[in-house]
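J.: Structure for this input, please:
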Amino acid sequence: MDNVVLPNFEEKGKLFTEVISKVAIDVILQTSTNRIHGKIHIRPSERLKDELDRSEIVLAVTDAEIYDLSGSTLLYKTKFVAVQISQIVWVLPQSEIEPENQGAE
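T.: Next up is the predicted model:
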């Protein structure tokens with residue numbers, strides 16, 4: 001779990017912090033120009049959709065591999081990339097991927 005620290009001031013001006021736990025979800029993310037494999041961090045009690053629906057302009061993706069639009073050529077590897085939410089076409093949790101023959105009847 002990852003932790004996010006938020007500042008909190010008491011009435012005498014002392015600074016305290018709250019820790020917000022988050023869970024890393026492995027995803028494949030398609031933007032208008034690239035495909036990104038990486039981790040999105042969400043609160044344990046929330047869904048991936050809840051994280052995407054927040055009012056933030058960008059979405060943090062960690063341990064990212066950035067590919068060309070088709071997903072065939074690796075362009076960059078980075079520990080962090082901020083993706084503009086308005087550029088996201090779709091997001092697929094890797095845990096939801098089924099083998100090719102499993103969904104066919």
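J.: Name the spans of this structure whose pLDDT lies under the cut-off.
T.: Low-confidence regions of the chain, defined here as pLDDT under 70, cover residues 1-17, 101-105.
J.: Helix or strand: which one has E46?
T.: When secondary structure is defined by DSSP states H and E, E46 falls outside every helix and strand.
J.: count of neighbours near it?
T.: Counted by other Cβ atoms under 10 Å, the residues lying close to E46 total 13. (Glycine included, C-beta is placed from N, CA and C.)
J.: I'd like to know how far it sits from T31.
T.: Look at E46 and T31: by Cβ to Cβ, to the nearest Å, they are 22 Å apart.
J.: Nearest to the middle of the chain, which residue? Look it up for me.
T.: Note on the chain: the residue nearest the mean C-alpha position is I40, at 2.1 Å, using Cα atoms, centre = their mean.
J.: I'd say L48 and I42 touch.
T.: Yes - the pair L48 and I42 passes the contact test of Cβ atoms under 8 Å, sitting 6.0 Å apart.
J.: residue ranges of the strands in this structure, please?
T.: Taking DSSP state E to define them, one finds strands in the chain at 2-9, 15-31, 35-42, 58-67, 74-84, 88-93.
J.: Quick check: which of those strands is buried the most?
T.: Looking across the strands of the chain with neighbours counted as mean count of other Cβ atoms under 10 Å, the highest average goes to strand 35-42: a mean of 21.
J.: Contacts for that strand next, please.
T.: For strand 35-42, the surrounding residues in contact (Cβ atoms under 8 Å, 6 or more residues apart in numbering) are 2, 22-30, 48, 50-51, 59-71, 81, 83, 91, 94.
J.: Could you export that strand as PDB, CA atoms only?
T.: Listed in PDB are the C-alpha atoms of strand 35-42, where the atom choice follows Å, rounded to 0.1, in the frame of the first residue of the first chain:
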ATOM      1  CA  ARG A  35      -0.600   3.200 -24.800                       C
ATOM      2  CA  ILE A  36       0.700   3.100 -21.200                       C
ATOM      3  CA  HIS A  37       1.200   0.100 -19.000                       C
ATOM      4  CA  GLY A  38       1.600   1.000 -15.300                       C
ATOM      5  CA  LYS A  39       0.100   1.400 -11.900                       C
ATOM      6  CA  ILE A  40      -2.700   3.700 -10.800                       C
ATOM      7  CA  HIS A  41      -3.200   4.200  -7.000                       C
ATOM      8  CA  ILE A  42      -6.700   4.100  -5.500                       C
END
